[in-house]
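S.K.: Sequence and predicted model, in that order:
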Amino acid sequence: MNIDNIFGSIGLDKASEVPLYAQVRDGLLAEIASGRIAVGARLPPVRKLANTFDVNLMTVARAYKELTEKGVIAGRGALGTFVIGHVKEPGVAPQPATISRETYSVREDDTFARMLQFSGRQGVIPFTRAYPDASTVDVASFEANLKEAIDKHPEHAYSYIAPDGLYGLKAAFSKLMKQERNLALDPHSILVSSGGQQAISLVAQSVLKSGDTVIVERPTYFGALDLFRTLGVKILGVRMESDGMDVEELERLVSASNPKLIFVIPTFHNPTGITTSLEKRQAILEISRRHGVAILEDDCCSELRFCGASLPSIKALSDPQDEVYYFSSMGKAYIPGLRLGMVVPPHGRLGEIVKQKSVADLHTSPLLQNAFQLYLESGAYEGSLARTCKSYSKLLDKISDELNKVMPDSASFMKPEGGLNLWLKLPREVDSIDFFYACLQRNVSVLVGQHFYPDNAETNTVRLSFGHSDEHTMVKAVTAMGEAAKELQGRPASRFPVLV
Ligand SMILES: Cc1ncc(COP(=O)(O)O)c(C=O)c1O
């Protein structure tokens, strides 16, 4: 990575009570410790780095001064400032936690950034990653396909294309959906989106306006909640049961609130891992028909199944006249950084979604579309998926066994049949934010459950995402979580110090 990009990737949290100079100092320490900024590298002048971070000159100057005192960097007059070594004494390594218990308040707009902030820290085991490790998927074939895409389709490598995407990839997606999900889709009914998050956004922008009501599962994927909030819509949550939404509550809420959209994740629900039963899928569809409310079905990872039989999606159960918006992403069973996904709107609604896509980002990268089409056509995806499922199925077994061993008796979780999320209910008296800190002090990062609620949250839940595939490390992290939970049982809340 270019050194300027490394500085650009150090995120500062300006709302944090941790002084900015300390964040700059620790960000640089972490990059130097990781080797991404090498010993011998010249650091940017204070003014330039202050511009990069959009902070005061004094902020960077103080960070540089402290790093100089620690013997990590040294000024060499007009030549500039250079990295001269790693942190030497123990105790000055970058601390994992940088905000206090009091300031963790679950803010409603930036869960994603926060998750990365903690999980990306040097030495922290990320129990927050809901996507596969690059080591478990076949990236080598894809890299060859990228080169091939440039050679075969130079006209698409660097130019604009139509917003709905390339027909070749749509046809490959259509084939994949038939093969993996027994879902028949006309390639012409598909729009290629930049991932699943954009799919939610395109549909929401097309269907909802400020003041409308949307119904979601409770809890639900934070990215959808963050998006709905920015649109100024009212969000109502329906309690999740072990086989999906409480459909009686859904019907009552729909009757009472006249919503425009029901957002549902029927397979390997994020965050709970629950799979909605066939009966409930049918019931949700019936409710949508009876009340004339559209469904947005999020089906991002149904191929990541480790056991049990696949169920048809709501889209597969629907008729052409039903208002079911369906979407998927390649980010959950393959690689999220490609930002490739697809939306299938109901009959007659594609034009509106295309319009939204066009104003959002014109279109998704044609180079990546061509390369991924080649990848799917090569058959490499099936082999990659089989390997991915095998490694995570084994990992999930290990994690579940360890959780059963180390968690207090009053903690509980349901082992999912697939996907990479597991929802842990801590003992009622253990607050999940305290747990987050207690885990972070043990160099483990988890995601506080409150981020997944549209309203008053349960305060004793956490999402454990096990995309980081190293078995030994992950089991060690679960052991540490068990210690943290036991330590917190029976202790008053809010004793976590500000770690700067
Ligand atoms: C349930 C769910 N839907 C959508 C998304 C967004 O997917 P993408 O990374 O493709 O934007 C995620 C990502 O975490 C997710 O978990």
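M.R.: Everything's here; your move.
S.K.: Neighbours of the residue of the stretch 1-150 of the chain found nearest the ligand, how many?
M.R.: In the stretch 1-150 of the chain, the residue that lies nearest the ligand is Ala130 (5.2 Å; Cβ to the nearest ligand atom). Heads up, the C-betas are built off the backbone N, CA and C, glycines and all. Burial of Ala130 is recorded as 23 neighbouring residues (other Cβ atoms under 10 Å).
S.K.: Can you give me the distance of it to Ala172?
M.R.: Look at Ala130 and Ala172: by Cβ to Cβ, to the nearest Å, they are 24 Å apart.
S.K.: And the residue nearest in space to the middle of the chain, its phi and psi?
M.R.: For the chain, the residue sitting closest to the mean C-alpha position, by Cα atoms, centre = their mean, is Ala130 at 6.0 Å. With angles defined as degrees, to the nearest 10, Ala130 sits at phi -100, psi 40.
S.K.: So for it, what's the nearest residue that isn't a sequence neighbour?
M.R.: In this structure, Ala130 finds its nearest non-sequential neighbour in Ser465, 4.0 Å apart by Cβ to Cβ, 6 or more residues apart in numbering.
S.K.: if I read this right, the residue of the stretch 1-150 of the chain closest to the ligand contacts Phe268, doesn't it?
M.R.: No. With contact defined as Cβ atoms under 8 Å, Ala130 does not count as touching Phe268 (9.8 Å).
S.K.: For beta bridges, what are the partners of the residue nearest to Ala199 when sequence neighbours are not counted?
M.R.: Leaving aside its chain neighbours, Ala199 sits nearest to Phe327 (3.6 Å; criterion: Cβ to Cβ, 6+ apart). With DSSP bridges as the criterion, Phe327 is bridged to Asp298, Val343.
S.K.: What confidence value was assigned to Phe327?
M.R.: We note a pLDDT of 98 for Phe327 in this prediction.
S.K.: Next: His86.
M.R.: 69.
S.K.: For my notes, confirm Ile235 occurs in a strand.
M.R.: Yes. Counting by DSSP: H, G, I helix; E, B strand; the rest coil, Ile235 is part of a strand.
S.K.: Which residues are in contact with it?
M.R.: Thr213, Val214, Ile215, Val216, Leu225, Phe228, Arg229, Pro454, Asp455 (Cβ atoms under 8 Å, 6 or more residues apart in numbering).
S.K.: Helix or strand: which one has the residue nearest to Ile73 when sequence neighbours are not counted?
M.R.: Leaving aside its chain neighbours, Ile73 sits nearest to Leu67 (4.5 Å; criterion: Cβ to Cβ, 6+ apart). Assigned by DSSP states H and E, Leu67 belongs to helix 57-69.
S.K.: got the contact list for that helix?
M.R.: 20-22, 24-25, 28-29, 43, 46-47, 49-50, 53, 73-75, 81.
S.K.: coming back round to it: what separation do you get for the residue nearest to Ile73 and Leu43?
M.R.: Leu67 is 9 Å from Leu43, by Cβ to Cβ.
S.K.: Equivalent analysis for Ser194, please.
M.R.: Distance check for Ser194 against Leu43: by Cβ to Cβ, it reads 34 Å.
S.K.: now do Asp186
M.R.: Separation of Asp186 from Leu43 (Cβ to Cβ) stands at 55 Å.
S.K.: and the two? which has more neighbours close in?
M.R.: Using other Cβ under 10 Å, the more surrounded residue of Asp186 and Leu43 is Leu43, with 21 against 11.
S.K.: Skip the chain neighbours and tell me the closest residue to that one.
M.R.: Spatial nearest neighbour of Leu43, excluding adjacent residues (Cβ to Cβ, 6+ apart): Thr81 at 4.6 Å.
S.K.: Lowest mean pLDDT among the helices and strands, pick that one out for this structure.
M.R.: Lowest by mean pLDDT, DSSP states H and E among the helices and strands of the chain is helix 111-119, with a mean of 68.
S.K.: I'd like the average pLDDT over stretch 348-359.
M.R.: Stretch 348-359 shows a mean pLDDT of 98.
S.K.: Same check on stretch 384-394?
M.R.: 96.
S.K.: and the stretch 1-150 of the chain, which residues reach the ligand?
M.R.: Ala130 (Cβ under 6 Å from any ligand atom).
S.K.: when you scan stretch 190-202, is anything in it near the ligand?
M.R.: Yes. Residues of stretch 190-202 are located near the ligand by Cβ under 6 Å from any ligand atom, namely Gly195, Gly196, Gln197.
S.K.: Please list the residues outside that stretch that contact it.
M.R.: So stretch 190-202 is in contact with 163-166, 169-170, 173-174, 223-224, 227, 263, 296, 298, 300, 327-329, 331-332, 336, 339-345, 350, 353-354, 356-357, 360-361, 363-365, 369, going by Cβ under 8 Å, 6+ apart.
S.K.: How far does the helix or strand in which Ile215 is found sit from its chain's centre?
M.R.: For Ile215, the enclosing helix or strand under DSSP H and E is strand 213-218. Computed by Cα atoms, centre = their mean, to the nearest Å, the chain-centroid distance of strand 213-218 equals 19 Å.
S.K.: helix or strand right after that strand?
M.R.: Downstream of strand 213-218 (by DSSP H and E), the next one is helix 222-230.
S.K.: before we move on, the earlier item: shared neighbours, Leu67 and Leu43?
M.R.: Common neighbours of Leu67 and Leu43 (criterion: Cβ under 8 Å, 6+ apart): Leu28, Ile73.
S.K.: For the protein, give me the ranges with low pLDDT.
M.R.: Along the chain, segments meeting pLDDT under 70 span 1-3, 17, 86-111, 113-121, 492-500.
S.K.: buried sites along the longest helix along it?
M.R.: Once the chain is assigned using DSSP state H, the helix that runs over the most residues is helix 380-406. Judged by neighbour count (16 or more other Cβ atoms under 10 Å), helix 380-406 contains these buried residues: 380-381, 384-385, 388-389, 391-392, 395-396, 399-400, 402-403, 406.
S.K.: So Phe435 is in contact with Glu483, correct?
M.R.: No. Between Phe435 and Glu483 there is no contact under Cβ under 8 Å: 11.1 Å.
S.K.: who has more neighbours, these two?
M.R.: Phe435 (25 against 13).
S.K.: still on that earlier bit, chain center to the helix holding Leu67: distance?
M.R.: Distance, centroid of helix 57-69 to centroid of chain: 34 Å (Cα atoms, centre = their mean).
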